[in-house]
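# Below are the sequence and a predicted model for it; my questions follow.
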Amino acid sequence: MSDVADALRSSLDGPWAEVRELARRQIEPGRFGPPETDLSTEDYRARVLDQLLDLASLGFAGLGLSTDQGSADQGASVTAFEMLGHGDLSLFVKAGVQRGLFGGAVAALGTERHHERYLEPIAQARLLGCFAMTETGRGSDVQSLRTTITHDPATDELVVHTPDPSARKDYIGNAARDGRMAAVFGQLVTADGTGHGVHCVLVPVRDDAGRALPGVTIGDCGGKAGLPGVDNGRFTFDHVRVPRDNLLDRYGAIDAEGTYSSPIESDGRRFFTMLSTLVRGRITVGAAAGSATRNALTLATIYGLHRRQFAGLDGQDVVLLDYRVHQRKLLPALARSYALMYAQNDLTRTMHEVLRAGDDADERDRRRLETRAAALKVASTSHASTTIQTCREACGGAGYLSFNRLGKLRADTDVFTTFEGDNTVLLQLVGKSLLTSYASQFEDLNAVQTVATVARQAGAALLERTISGSLVQRLLTGAPGRDADDALGDRGGQLALLTDREEHVLETLAARLRRADRDDPRQAWQTFDAAGEHVLEAARAHTDRILLEAFAAAIDECPPGEAHDLLDLVADLFACSTVEAHRAWYLEHGRLSPEQAKRLTGRVDDLLAQVRPHAQTLVDAFAIPREWLASDLLDPLSSTEVEASVQGAVSGQGGITTG
């Protein structure tokens with residue numbers, strides 16, 4: 001690795017660099033990577049279980065889980081999971097279910113007695129568990145779960161029941177094969193019939209021999225588009241009884257007399273407070289999506305730097321990455337991956353601080369964390385789906401071979417846009433939070449309440465800064481005015497352009513909603529529903545702006561030198577390609593003239609030409625051990641490529657035909 005790449009690695013590794021280095025040294029590819037040959041579903045699941053058990057020996061097991069939750073290193077935990085995302089994503093998901101979701105529910109929603117009894121065996125994978133929230137008929141509507149958890153004062157037990165087929169717990173990781181206990185979410189009901197909203201209870205589902213316990217029916221979701229090593233399954237409960245102590249009662253408890261109590265009076269606020277403590281899972285999914293994307297970009301970039309096709313002016317075949325169209329495929333995506341990694345590091349740091357503060361965390365900080373986690377989860381997982389597919393295409397037929405991993409990466413990350421929050425629903429949450437200026441429990445606002453809240457506001461929502469306000473102010477103050485040509489060449493000007501788009505979209509959305517009659521629930525709902533795409537666009541504009549802010553902050557912290565200058569160049573590419581992607585909006589709203597829009601394409605092309613010589617350095621800085629990337633794409637003259645060429649089947653850019 002060159003000195004510049006090493007300096008970039010130090011910048012990218014962020015506050016838990018030591019965890020990344022430990023992972024690079026200890027996560028052996030043969031032991032924790034994807035299998036080298038195709039396996040049956042049962043063999044793949046067994047392999048991933050063995051890998052999960054092996055992780056306990058590496059020192060990663062207890063990160064984020066501690067009987068003293070005040071000392072748990074949440075940032076280290078997310079970073080460790082992010083590094084697992086470079087390997088077999090089936091292992092990442094299974095470990096995430098075990099320690100992040102099941103263990104996280106016990107840690108965040110349980111109290112000291114639960115921590116002392118369960119956290120250590122969960123961390124060491126001696127107690128294998130499931131996170132049973134999603135229901136067949138509810139999906140993202142968690143607040144409306146139909147599973148019931150009813151207290152029986154005669155026996156002082158909780159009765160867990162599935163009232164109808166739509167209440168079946170579905171798509172549950174670890175359920176079909178290995179889980180012994182489930183953290184089950186359902187409506188808590190006291191003996192007098194009073195409902196207290198969604199709570200979580202620990203329910204044993206299998207005995208030591210792996211047999212379903214009485215009253216528990218377990219199903220297997222079967223084959224999936226990806227993640228073959230994860231045993232997703234289904235649960236139904238027929239009046240299953242568990243001790244009252246199994247209720248995770250940090251935010252809601254029932255005493256021996258059957259009386260319910262909670263430190264939070266409102267069912268809605270209590271529900272969203274409970275969910276906010278589980279935000280780490282959402283952040284981890286975004287982090288792992290970033291890792292998988294960096295895998296794909298590294299493979300496709302190295303392939304593009306060595307694979308030659310079609311003779312150039314000198315009679316020699318041209319390196320793929322020297323074609324401008326190929327640069328446009330990969331380099332803007334590479335720049336966005338840098339921006340996302342810096343934003344992810346900042347998000348992980350913020351999460352660590354908020355979760356370390358526990359119940360003492362400022363409510364505004366907690367809500368800001370939830371909003372940013374939702375925004376970046378969408379950004380990272382959407383970027384993964386788009387970019388990994390682009391990388392597959394950029395490697396032609398070689399990218400389609402199973403051994404070269406790109407197809408598997410695409411299949412394994414596809415569901416990341418769905419779990420830990422459907423991306424469309426999460427964008428709606430981000431948009432609502434921006435509209436309501438972080439109104440209390442914005443996630444609890446339905447469409448009608450959102451319209452009413454916006455109507456009460458006198459003016460546009462204030463933009464929340466994600467990095468140092470002084471840095472942003474300094475950059476914006478030094479911006480060269482509203483001329484787009486000048487602005488695009490200046491960091492403050494670029495920030496001003498992205499901020500302008502966000503502010504305008506928010507202001508026009510708020511004005512649109514204010515026209516609704518908030519006293520007419522039907523009309524208010526229809527108005528909000530009709531503005532759905534407008535809400536999503538506000539969230540996307542917000543995300544682009546916070547990515548550039550995070551990139552600017554990272555550059556500001558990087559010492560002067562070649563690495564700093566290269567980051568500056570990559571940030572220019574990110575900013576200009578982002579504006580170019582939304583060129584229609586800037587044209588429609590008079591921020592770009594037609595001539596400026598045309599020049600913008602030339603500016604991006606110039607930046608691509610400047611970044612191209614540094615492509616190898618930029619992917620080297622991800623510091624992904626080559627052993628983790630076992631693939632013929634790292635050696636385009638491998639036997640596979642040579643054989644295809646000898647058969648005379650080369651056609652198109654990087655493509656292989658067999659007809």
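Here it is on my side, so go on. As the structure is a computational prediction, the values presented were derived from the model and not from experiment.
# quick one, what contacts Arg366?
In this structure, Arg366 makes contact with Ser276, Val354, judged by C-beta atoms under 8 Å, 6 or more residues apart in numbering. C-beta coordinates here come from the backbone N, C-alpha and C atoms, glycine included.
# From Leu355, how far out is it?
9 Å (C-beta to C-beta, to the nearest Å).
# same question, Val189
30 Å.
# try Arg324
46 Å.
# give the contact list for the spatially most central residue of the chain.
Per C-alpha atoms, centre = their mean, the C-alpha nearest to the average position across the chain is that of Gly286, at 1.7 Å. For Gly286, the contact set (C-beta under 8 Å, 6+ apart) comprises Gln344, Leu347, Ala373, Leu376, Lys377, Ala379, Ser380, Thr381.
# The fourth one reaches Leu347, doesn't it?
Yes. When contacts are counted by C-beta atoms under 8 Å, Leu376 is listed as touching Leu347 (5.6 Å).
# Count the neighbours of Glu627 for me.
Neighbourhood size, Glu627 [other C-beta atoms under 10 Å]: 12.
# Confirm it sits in a strand?
No. Applying DSSP: H, G, I helix; E, B strand; the rest coil, one finds Glu627 to be helix, outside a strand.
# So it sits against Pro29, correct?
Yes. Counting by C-beta under 8 Å, Glu627 does reach Pro29; the two are 4.4 Å apart.
# Ala183: what secondary structure?
strand.
# Quick one: low-confidence residue ranges for the stretch 401-550 of the chain.
Along the stretch 401-550 of the chain, the model assigns pLDDT under 70 to residues 437-470, 472-482, 518.
# roughly how far out does stretch 42-62 sit from the chain middle?
22 Å (C-alpha atoms, centre = their mean, to the nearest Å).
# Name the surrounding residues that touch that stretch.
With C-beta under 8 Å, 6+ apart, stretch 42-62 has contacts from 22-23, 26-27, 31-32, 35, 39, 80, 88, 90-91, 94-95, 98-99, 120, 123-125, 177-178, 228-231.
# got the CA coordinates for it in PDB?
Extracted in PDB, the C-alpha atoms of stretch 42-62 (Å, rounded to 0.1, in the frame of the first residue of the first chain):
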ATOM      1  CA  GLU A  42     -28.600 -27.500   5.200                       C
ATOM      2  CA  ASP A  43     -24.900 -27.600   4.800                       C
ATOM      3  CA  TYR A  44     -24.600 -23.900   4.300                       C
ATOM      4  CA  ARG A  45     -26.700 -23.200   7.400                       C
ATOM      5  CA  ALA A  46     -24.600 -25.600   9.400                       C
ATOM      6  CA  ARG A  47     -21.400 -23.900   8.200                       C
ATOM      7  CA  VAL A  48     -22.600 -20.500   9.200                       C
ATOM      8  CA  LEU A  49     -23.600 -21.700  12.600                       C
ATOM      9  CA  ASP A  50     -20.100 -23.100  13.100                       C
ATOM     10  CA  GLN A  51     -18.700 -19.700  12.000                       C
ATOM     11  CA  LEU A  52     -20.900 -18.000  14.500                       C
ATOM     12  CA  LEU A  53     -19.700 -20.200  17.300                       C
ATOM     13  CA  ASP A  54     -16.100 -19.500  16.200                       C
ATOM     14  CA  LEU A  55     -16.500 -15.800  16.400                       C
ATOM     15  CA  ALA A  56     -16.700 -16.000  20.100                       C
ATOM     16  CA  SER A  57     -13.000 -17.000  20.200                       C
ATOM     17  CA  LEU A  58     -11.900 -13.800  18.500                       C
ATOM     18  CA  GLY A  59     -12.800 -11.200  21.100                       C
ATOM     19  CA  PHE A  60     -15.600  -9.800  19.000                       C
ATOM     20  CA  ALA A  61     -18.400 -11.600  20.900                       C
ATOM     21  CA  GLY A  62     -18.900  -9.300  23.800                       C
END
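# if we can go back for a sec, out of Val189 and Leu355, which sits in the more crowded spot?
Using other C-beta under 10 Å as the criterion, Val189 and Leu355 rank with Leu355 on top: 24 against 19.
# What separation do you get for Ala56 and Arg126?
9 Å.
# if you count what's nearby, which of the two comes out ahead?
More crowded of Ala56 and Arg126, by other C-beta under 10 Å: Ala56, with 15 against 11.
# Report the secondary structure state of the more buried one.
Taking three-state DSSP, the label given to Ala56 is helix.
# From Gln124, how far off is it?
5 Å.
# Check Leu321 too.
Distance from Leu321 to Gln124, by C-beta to C-beta: 46 Å.
# neighbour count winner among these two?
Leu321 (25 against 16).
# thinking that one is in contact with Leu330, fair?
Yes. Assessed by C-beta under 8 Å, Leu321 is found in contact with Leu330 at 7.2 Å.
# so what sits against both of the two?
What both Leu321 and Leu330 touch, as defined by C-beta under 8 Å, 6+ apart, is the set Thr301, Gly304, Ala615.
# Between those residues, identify the one with the most neighbours.
Going by other C-beta under 10 Å, Gly304 tops those with 27 neighbours.
# Remind me which helix or strand that one belongs to.
helix 279-306 (DSSP states H and E).
# after that helix, next one along is what?
Trace forward from helix 279-306 with DSSP H and E and the next one is strand 308-311.
# Can you tell me the strand partners of the following helix or strand past that following strand and which way each runs?
Scanning forward in sequence from strand 308-311 by DSSP H and E, the next helix or strand is strand 317-319. Within its sheet, strand 317-319 is paired with strand 308-311 (antiparallel), according to DSSP bridges.
# Render the CA-only coordinates of the partner strand in PDB, please.
The C-alpha trace of strand 308-311 is given here as PDB (Å, rounded to 0.1, in the frame of the first residue of the first chain):
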ATOM      1  CA  ARG A 308      -8.000  -4.500 -22.000                       C
ATOM      2  CA  GLN A 309     -10.500  -4.400 -24.900                       C
ATOM      3  CA  PHE A 310     -10.500  -2.900 -28.500                       C
ATOM      4  CA  ALA A 311      -7.500  -1.300 -30.100                       C
END
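# Using the three-state scheme, assign Phe271.
helix.
# where does it sit relative to Leu109, distance-wise?
12 Å.
# For stretch 117-135, what does the pLDDT average out to?
On average, the pLDDT along stretch 117-135 is 94.
# of all the contacts of Gly286, which comes closest to Asp152?
Distance to Asp152 across the contacts of Gly286 (C-beta to C-beta) is lowest for Ala373, with 37.6 Å.
# Wait, that closest one touches Leu347, no?
Yes. Ala373 is within contact range of Leu347, at 6.4 Å (criterion: C-beta under 8 Å).
# what's the overlap in contacts for the two?
In contact with both Ala373 and Leu347: Ile283, Gly286, using C-beta under 8 Å, 6+ apart.
# Which residue is the nearest non-sequential neighbour of Ile264?
Arg270 (4.2 Å; C-beta to C-beta, 6 or more residues apart in numbering).
# let me fix that: Glu502
Ala541 (4.1 Å).
# wait, doesn't the one you found sit right on Thr508?
No. Ala541 lies out of contact with Thr508 (C-beta under 8 Å); the separation is 11.3 Å.
# what about the two, which has more around it?
Ala541 (22 against 16).
# For the more buried one, which residues are in contact?
Leu498, Arg501, Glu502, Val505, Leu506.
# For Glu627 and Pro29, list the residues in contact with both.
Common neighbours of Glu627 and Pro29 (C-beta under 8 Å, 6+ apart) do not exist.
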